[in-house]
Each structure stands twice: as C-alpha cells, then as structure tokens.
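Novice: Turn this into a structure:
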Amino acid sequence: MIGERIKLLRQKNSLTQKDIADMLEISRTAVNSWEMDVSVPSAAYLIELSKKLGTSVDFLLGLDKTASINVSGLTPDEVATLVDVANRFRAAHGCNPDSL
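Specialist: I've put the predicted structure just below:
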C-alpha cells in the first residue's frame, strides 16, 4: 500500500525514481524497493517523502484517504472551484464527501 501511494504521488509530481532518490540522498534501488513493497521507508524518510510530495505521512501509510494539494497563492474563488470539482468527481463515483 505504501509503495502504491509513493508511486502515485511521484508520478503526479512528474518525478522519476532517480529524482526522489536524489532528493533523499539514497539509491534509486531503494525507491524502487519501496514502490514494489519489498521494503518500507523509515520514519525519517516517510517524513521527508511527505514534505517532498506535498502530502501527509498518514496518507502515505494508508491511514488517511485524503490526499492534500497546496492551494497557497490561489484566490478564495479558485480554491472554491477546486473544491467544487472534487465534489463533482466524488458524486460521479457515488461518494459522499462528508463520509470521507
């Protein structure tokens, strides 16, 4: 599960495994092992990954289904538009936003 989330966020941020490895000063093989669920990052690397990928450690661990996005620099109207779009996607998938 952790591996899937790392890979998903890495790809969404248009990063390669080497990019992540370079950011964390580790080998690309270590990142690949995480993504393949062969091994798991230490607590220190989970914290750094969450910072670099713009999410929470809870999301990476699968404890929180809520991914986050950075909305700094956006106007309140732009943030409201993003929330509206997310709610429309949830409704299309039969999800109740209040239950997530």
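
Novice: helices or strands up against the longest helix along the chain?
Specialist: Secondary structure of the chain per DSSP state H: the longest helix is helix 76-92. For helix 76-92, not one helix or strand is in contact under the criterion 3 or more Cβ pairs under 8 Å, 6 or more residues apart in numbering; DSSP states H and E. Where you see a C-beta, it was placed from the backbone N, CA and C, and this is true even at glycine.

Novice: Show the average pLDDT along that helix.
Specialist: Helix 76-92 comes out with an average pLDDT of 89.

Novice: please renumber so the chain begins at 895
Specialist: Okay, using 895 as the starting number, the last item reads as helix 970-986.

Novice: buried residues in it?
Specialist: Buried residues in helix 970-986, defined by neighbour count with 16 or more other Cβ atoms under 10 Å: none.

Novice: element containing residue 909, please.
Specialist: Assigned by DSSP states H and E, residue 909 belongs to neither a helix nor a strand.

Novice: Give me the distance between it and residue 903.
Specialist: Per Cβ to Cβ, to the nearest Å, residue 909 is found 9 Å from residue 903.

Novice: again, but for residue 925
Specialist: Distance from residue 925 to residue 903, by Cβ to Cβ: 12 Å.

Novice: Residue 958: neighbouring residues, count only.
Specialist: Residues within reach of residue 958, counting by other Cβ atoms under 10 Å, total 14.
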